[in-house]
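A.B. asks: Build me a model:
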Amino acid sequence: WITEQIAKYGDTFFMGMPGQAAIVTSNPANVEHILKTNFTNYEKSRTFKRNFSQLLGHGIFNADGQKWKEQRKLGSHMFSNRILRDHMTPVFVRHAQHVVEHLERAADSGELIDLQDLFYRFTLDSVGEIAFGVNVGALDNADVPFAKAFARAQESSADRFFNPLWQVARLMGVGRERYMPTDIETLN
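C.D. replies: Model prediction:
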C-alpha cells in the first residue's frame with residue numbers, strides 16, 4: 001500500500017487521518033536528516049508510543065530524548081568491531097547459508113518463494129540468536145509460534161494508526177486486538 005502511495009504522490013508526502021497526521025518519506029536525504037543529521041528534532045508522537053507500547057514497551061524503539069540516549073548507550077556496546085566480527089558475523093553467515101539452501105531448493109524444484117517472508121524469518125533467527133542467545137527456528141519452520149506472534153503483533157500495532165476504535169476492539173477482544181494478549185505472552 002505504501003509503495004502505491006509513493007508512486008502516486010512522490011517520495012515525500014503528507015498523510016492526514018482523523019486525529020493524526022504524518023509525513024511519509026522514502027527520499028534517502030530526508031531519511032538521513034530525520035534519523036541521523038537532525039534526529040533530536042523528530043520525536044515519536046504520543047500516538048506512536050501508545051500504539052506500539054504493548055509490543056515495544058518503553059525501550060529504545062519507543063523512547064525519545066534522554067531516555068533514548070541512555071538506551072542507545074547501553075545498546076551501543078553490542079556493536080563494537082570485535083563483537084560484530086567475532087559474534088554477529090558468524091551468526092549472520094550461518095543463517096544466510098540456510099537462506100541460500102532454501103533458495104537452491106526452490107530453484108531446483110521450480111517452487112515460488114516469498115522472499116519477504118524468507119528474509120523476515122532470517123532476521124528473526126539471526127537477531128534472536130544475537131540478542132537473546134536463542135535460535136527462533138523460523139527458517140526451519142515457517143509456522144513457529146514466535147514468528148507468527150511477532151508478525152501479528154506488529155500488524156496489530158500498525159493497524160492502530162488506521163482504526164480510531166482499536167481501544168474499543170481491545171476491550172472487547174475482537175478483530176486483530178483479540179490476538180494481542182496471547183501474542184505478547186508468546187513473545188515474552
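A.B. asks: only C-alpha atoms for contact and neighbour calcs from this point on.
C.D. replies: Fine.
A.B. asks: which residue ranges form the helices in this protein?
C.D. replies: Taking DSSP state H as the test, the helices found in the chain are 2-9, 28-32, 46-56, 65-76, 81-83, 89-109, 115-132, 145-159, 166-172, 180-187.
A.B. asks: residue contacts, the residue most central in space within the chain?
C.D. replies: For the chain, the residue sitting closest to the mean C-alpha position, by CA atoms, centre = their mean, is Gln154 at 6.9 Å. Counting by CA atoms under 8 Å, 6 or more residues apart in numbering, Gln154 makes contact with Leu55.
A.B. asks: Including mean pLDDT and distance to Asn38, could the helices of the chain go into TSV?
C.D. replies: Formatted as TSV, the helices of the chain follow (pLDDT from 0 to 100; distance: least, CA to CA, whole Å):
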stretch	mean pLDDT	distance to Asn38
helix 2-9	91	23
helix 28-32	95	8
helix 46-56	91	19
helix 65-76	84	12
helix 81-83	81	25
helix 89-109	96	30
helix 115-132	93	28
helix 145-159	93	25
helix 166-172	93	32
helix 180-187	94	33
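A.B. asks: Distance to Gly16 for these - can I get that in a markdown table?
C.D. replies: Shown next, in a markdown table, are these (distance: least, CA to CA, whole Å):
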| stretch | distance to Gly16 |
| --- | --- |
| helix 2-9 | 13 |
| helix 28-32 | 19 |
| helix 46-56 | 13 |
| helix 65-76 | 26 |
| helix 81-83 | 42 |
| helix 89-109 | 39 |
| helix 115-132 | 28 |
| helix 145-159 | 15 |
| helix 166-172 | 18 |
| helix 180-187 | 26 |
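A.B. asks: of all these, which lies closest to Ala21?
C.D. replies: helix 46-56 (10.1 Å; CA to CA).
A.B. asks: what sits against the residue nearest to Gly175 when sequence neighbours are not counted?
C.D. replies: Closest residue to Gly175 apart from its sequence neighbours, by CA to CA, 6 or more residues apart in numbering: Ala169 at 6.5 Å. Counting by CA under 8 Å, 6+ apart, Ala169 touches 175, 177-178.
A.B. asks: Now, of the residues you listed, which are buried?
C.D. replies: Taking 16 or more other CA atoms under 10 Å as the criterion, what is buried in these is Glu177.
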